[in-house]
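> build me a structure from this.
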Amino acid sequence: MLKQIRPAILLATALIVSPIFLTTPASAETKYRHKEVRTRVVTPNRRVVAPNRRVVTPVRVVTPNRRVVTSNRVTRLSNGDIRLPHGEIVSARRIVRLRNPGYFKLPNGDIILPSQEIVFSRSVVRLRNGDIRLPNGVIVRI
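Numbering: from 1, shown residues only. Below you'll find the model as predicted:
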């Protein structure tokens, strides 16, 4: 009788035990972290076509010694966000409009002037009444 039941017992144990050895635990991670590779196409007139189909023209000044200098100006995007010179994009919700017309404050404390230039927070002076004095002497009210 045991010889007749042996295949059924073997099959049942195989069905019960095999998923334990064949599955990976939920906490397992892959050995390598993969980054998404984004491609950019540069056209002959130096316009960069980003993957999201927006055309971006970089602002660059080429000096005679072949050094490329980027501008210290920010770029306003169509949705109100701001692209900083080094490429970081700051959401419009995180930008604070100051009382002086044309002045904005970034989350890290930097001030954007009406000419779209950045004044770094380490070069401004906070006054006792909460106002900010810029390096050129202009007082900006928060």
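
> only C-alpha atoms for contact and neighbour calcs from this point on.
Fine.

> what residues are up against the closest residue to Arg133 other than its chain neighbours?
Excluding its sequence neighbours, the residue lying closest to Arg133 (CA to CA, 6 or more residues apart in numbering) is Ile139, at 4.4 Å. Counting by CA atoms under 8 Å, 6 or more residues apart in numbering, Ile139 touches Asp131, Ile132, Arg133.

> Asp110 too?
Contacts for Asp110 (CA under 8 Å, 6+ apart) come out as Ile118, Val119, Phe120, Ser121.

> ok, now how distant is it from Arg97?
Remark: distance between Asp110 and Arg97 (CA to CA, to the nearest Å) = 12 Å.

> kindly report the same for Pro135.
Using CA to CA, Pro135 is found at 19 Å from Arg97.

> about what we covered before: just the buried residues from the contacts of Ile139, in ChimeraX please.
Paste this into ChimeraX to select the buried members of the contacts of Ile139, with burial taken from 16 or more other CA atoms under 10 Å:
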select :132,133
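
> going by distance to Thr23, which of the contacts of Ile139 wins?
Closest approach to Thr23 among the contacts of Ile139 (CA to CA): Ile132, at 60.6 Å.

> where exactly do the helices run in the protein?
Assigned by DSSP state H, the helices in the chain fall at 2-22.

> from memory Arg134 sits against Phe120, does it?
Small correction: residue 134 is Leu, not Arg. No: look at Leu134 against Phe120 with CA atoms under 8 Å: they stay out of range, at 9.4 Å.

> which one of the two is surrounded by more residues?
Taking neighbours as other CA atoms under 10 Å, Leu134 and Phe120 compare with Leu134 leading, 18 against 15.

> chain neighbours aside, what residue packs nearest to the more buried one?
Here the residue nearest Leu134, using CA to CA, 6+ apart, is Val124, at 5.0 Å.
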